[in-house]
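1. 3D, please:
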Amino acid sequence: MRARDPRLIYLANGVIFVAMMRAYWTALAIRVAIDLALPPLQLVLLGTAMELTILVSEVPTGVVADVVSRKLSVVLSFLLIGGAEIVAGSVSGFPALLATQMLFGFGYTFQSGAETAWITDEIGSAAEAEPLVLQRGRWQMLAAVVGIGGGAALSLLTSLTTTIVIAGAVTLIWGVGLAVVMPEHGFSRRQSAGGSRSSISEGLADMRDTFRLGTVAARRVPALRVLLVVMIMIGVASEAVDRLDLRRLDQVGLSADTNEIAAVAVIAALQSALAGFALWLSRNRLSERRLATGLGVLLALAGASIALLAVVPVLPVAAVGLVLQGAFRNAAGPVTVAWTNAHAESSHRATIHSFVGQAEATGEIGGGIILGSLAALTNVSLAMSCSVVLFIGASVLALRAERSW
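-> Numbering: from 1, shown residues only. I've put the predicted structure just below:
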């Protein structure tokens, strides 16, 4: 870190962020559902509040990264997320927990896209950044396994709240360190006519122009337009799986005596480990023109895995489906980032990344309402089967998109 190598910092950021986030989420999920015994509606509202915050904040914070400073955006993200995690481990009331999830979502949007835009500018081009983005994705899957395992062990040895607070403290401290060591040489703010920094009014005009250019690019570039539709479909499909996965396992025979910490940790760790393995296998096959095919294949495999979970009433088969769908969806994340980065111009790259994140958040909010209501009116299996159709549809769109590039 002392050499301020942007590649090393980019990789380290991803590893630290994912390891701490997975330790945090594993402990928090069990704390709110088991220790605090929040009712189902409140559990859903925690997730909905965070997604709504992401939806509202994605583009404004992306524009900040494109106009003001990508380094500042990344540093703010670590500080806000770390603070949110510390508070989440220190409070018990639902309103306070709701506020921490909103702060987490707000902080996340400062990092979403900004890091990738930063490293692309620092090393020169999207083509040079692409292998690094995918390499970081592989490292992050390993970091997730370590974070989940370490967080579960710490929770068993101490408490869930201790794990949550420690994860937040490490994240916050890392953000403080980044403010000192993270370089920013490839990005420059626009200058006013006299050559000085833009005034506040000019800065706001820059933000408006950047947002407009990003909107035009997202609408006119075929690859980006297709990706936005794909992400909306993925978002809608994901909610039924993410919110009802353990409920489905319970329906097909999961023992009530199962240790919740161990079960959640094992499932999440296996998903991350297999995702890392999938990215490693494909490391030499995902060129810029093959990213859509890679994403399409991963989404098709995720859909097939969700089908196992949704329709096979045999616990081992359903459990395998749950693990595999998570692995393929996790592996799809870095591929999506690389696809976005390959088709976004530097002047509004972070904004385009934010549009992609916003599309997924929009789908997740709508999916939570639609598929959640469907599950309540019918059954979990039918709601998840709808997710299968959506994943397969998104896969077909991604596979066909490559023909228009």
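2. Can you classify residue 253 as helix, strand or coil?
-> With DSSP: H, G, I helix; E, B strand; the rest coil as the basis, residue 253 sits in coil.
3. Chain neighbours aside, what residue packs nearest to it?
-> residue 315 (4.2 Å; C-beta to C-beta, 6 or more residues apart in numbering). From N, CA and C alone the C-beta is placed, and that goes for glycine too.
4. residues contacting the one you found?
-> 249, 252-254 (C-beta atoms under 8 Å, 6 or more residues apart in numbering).
5. neighbour-wise, which of those residues leads?
-> Tallying neighbours with other C-beta atoms under 10 Å puts residue 249 at the head of the contacts of residue 315, with 20 neighbours.
6. Would you verify that that residue is located in a strand?
-> No - going by three-state DSSP, the assignment for residue 249 is helix, not a strand.
7. Could you measure from it over to residue 321?
-> 10 Å (C-beta to C-beta, to the nearest Å).
8. and if you look at residue 254?
-> The value you get for residue 254 to residue 321, if C-beta to C-beta is used, is 13 Å.
9. Ok, residue 357 next?
-> To residue 321, residue 357 is 27 Å away according to C-beta to C-beta.
10. same question, residue 66
-> Look at residue 66 and residue 321: by C-beta to C-beta, they are 40 Å apart.
11. between these two, who's got more neighbours?
-> residue 66 (31 against 24).
12. center of this structure - which residue?
-> Compute the mean C-alpha point of the chain, and by C-alpha atoms, centre = their mean the closest residue is residue 333, 7.1 Å away.
13. Give me the nearest residue to that residue, chain neighbours excluded.
-> residue 137 (6.6 Å).
14. list the contacts for that neighbour?
-> Per C-beta under 8 Å, 6+ apart, neighbours of residue 137: 14, 276, 279, 331, 333-335, 337.
15. 10 Å instead?
-> 14, 18, 275-276, 278-280, 283, 330-338 (C-beta atoms under 10 Å, 6 or more residues apart in numbering).
16. Just the pLDDT for it.
-> Confidence at residue 137, expressed as pLDDT, is 86.
17. Distance-wise, check it relative to residue 319.
-> Using C-beta to C-beta, which is the criterion applied here, residue 137 is 25 Å from residue 319.
18. do residue 82 as well
-> 33 Å.
19. what does residue 223 give?
-> Counting by C-beta to C-beta, the gap from residue 223 to residue 319 is 36 Å.
20. ok but the residue nearest to the centre of the chain is inside a strand, no?
-> No - Residue 333 is assigned helix when assessed by three-state DSSP, not a strand.
21. hang on, isn't it packed against residue 138?
-> No - using C-beta atoms under 10 Å, residue 333 makes no contact with residue 138, being 11.3 Å away.
22. Give the residues shared as contacts by those two.
-> 275, 279.
23. Run through the stretch 251-400 of the chain and note the low-pLDDT ranges.
-> Scanning the stretch 251-400 of the chain for pLDDT under 70 picks out 256-258, 260, 283-289.
24. can you pull out the helices in it?
-> Along the stretch 251-400 of the chain, the segments classed as helices by DSSP state H, counting those that start in this stretch run 260-281, 291-311, 315-342, 349-377, 380-401.
25. what's the closest of those helices to residue 232?
-> Closest to residue 232 of those is helix 349-377 (C-beta to C-beta; 4.2 Å).
26. by how many degrees do that closest one and helix 380-401 diverge?
-> Angle of helix 349-377 versus helix 380-401, following axes from the mean of the first three to the mean of the last three C-alpha atoms, to 10 degrees, is 150 degrees.
27. Give me the neighbour count for the closest residue to residue 278 other than its chain neighbours.
-> Spatial nearest neighbour of residue 278, excluding adjacent residues (C-beta to C-beta, 6+ apart): residue 331 at 4.3 Å. Number of residues near residue 331 (other C-beta under 10 Å) recorded here: 30.
28. ok, now which ones touch residue 331?
-> Per C-beta under 10 Å, 6+ apart, neighbours of residue 331: 134, 137-138, 141, 271-272, 274-282, 294-295, 297-298, 301-302.
29. Could you do residue 116 as well?
-> 10, 65, 70, 126, 129, 132-133, 136, 334, 337-338, 340-341, 344, 349-350, 353.
30. Out of these, which end up buried?
-> Among the contacts of residue 116, the ones that count as buried by 16 or more other C-beta atoms under 10 Å are 10, 65, 70, 126, 129, 132-133, 136, 334, 337-338, 340-341, 344, 349-350, 353.
31. how about stretch 44-58: buried residues?
-> 44-58.
32. between the residues you listed, which is closest to residue 395?
-> After measuring those against residue 395 - C-beta to C-beta - the closest member comes out as residue 51, at 23.1 Å.
33. What helix or strand is the closest one located in?
-> Assessed by DSSP states H and E, residue 51 sits inside helix 40-67.
34. So which elements touch that helix?
-> Judged by 3 or more C-beta pairs under 10 Å, 6 or more residues apart in numbering; DSSP states H and E, helix 40-67 is in contact with helix 6-30, helix 70-88, helix 94-111, helix 114-123, helix 200-220, helix 222-251, helix 349-377.
35. cutoff 8 Å now
-> helix 70-88, helix 94-111, helix 114-123, helix 200-220, helix 222-251, helix 349-377 (3 or more C-beta pairs under 8 Å, 6 or more residues apart in numbering; DSSP states H and E).
36. Give me the angle between the fifth one and helix 260-281.
-> Think helix 222-251. Relative orientation of helix 222-251 versus helix 260-281 (the same axes, to 10 degrees): 150 degrees.
37. the more surrounded of residue 223 and residue 319?
-> residue 319 (22 against 17).
38. any idea how far residue 329 is from the closest residue to that one other than its chain neighbours?
-> Leaving aside its sequence neighbours, residue 319 sits nearest to residue 249 (C-beta to C-beta, 6+ apart; 6.4 Å). Separation of residue 249 from residue 329 (C-beta to C-beta) stands at 17 Å.
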